[in-house]
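A.B. asks: return a 3D structure for these sequence lines:
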Amino acid sequence: DDSNTEEYPAEIHDYLAAFEKSLGSVDEMLKTMMSVSRSELLQKLDPLEQAKLDLVSVYTLNSMFWVYLATQGINPKEHPVKQELERIRTYMNKVKEITDKKKASKLDKGAASRFVKNALWEPNAENEHTSKTSAKGKKRQ
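C.D. replies: Below is the predicted model:
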């Protein structure tokens, strides 16, 4: 309706259109998640992935409540939902740390061994050229 769009600035219309598109995306995602039973979904995930799913779910619900409060004229920053979101973020950070440690703990022992072996100087004819090169590098410094 064009008569309604003239009542507020065009920028607001753009924001509302983006918001409506985002709501559509959330709706599609929720329909997808709701099409599979929670127990069936959790059976397919390892415990860390289960924790991630639970955290994302509770964070999303609390964020939506934050938006609801804002639409009702209530300042969500002064509401207990703020502390709840901070608490959830703390747990999300803990899960991220665990995930990062899990990724970092994978070490290719063969590659590490080759790296160390090649980094060490061995006095033999093969490395004579290498020792001369490193000596030149030391002269520059």
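A.B. asks: use CA for all of it now, contacts and neighbours both
C.D. replies: OK.
A.B. asks: what's the following helix or strand after the regular element (helix or strand) spanning Ile12?
C.D. replies: If you go by DSSP states H and E, Ile12 is part of helix 10-34. Counting by DSSP H and E, the next helix or strand C-terminal to helix 10-34 is helix 38-43.
A.B. asks: which strands and helices sit next to the next helix-or-strand element following that next one?
C.D. replies: As assigned by DSSP H and E, the chain's next helix or strand after helix 38-43 is helix 47-71. Contact here means 3 or more Cα pairs under 8 Å, 6 or more residues apart in numbering; DSSP states H and E; on that basis helix 47-71 packs against helix 80-104.
A.B. asks: so the helix it packs on versus helix 47-71, what angle?
C.D. replies: Counting by axes from the mean of the first three to the mean of the last three Cα atoms, to 10 degrees, helix 80-104 lies at 150 degrees to helix 47-71.
A.B. asks: show me how this protein divides into domains.
C.D. replies: Domain ranges of the chain: 12-44, 45-104, per the TED database.
A.B. asks: out of the ones you listed, nearest to Asn118?
C.D. replies: Smallest distance to Asn118 across the domains of the chain (Cα to Cα): 22.7 Å, for domain 45-104.
A.B. asks: centre of the chain to that closest one, how far?
C.D. replies: Put simply, domain 45-104 sits 12 Å off its chain's centre (Cα atoms, centre = their mean, to the nearest Å).
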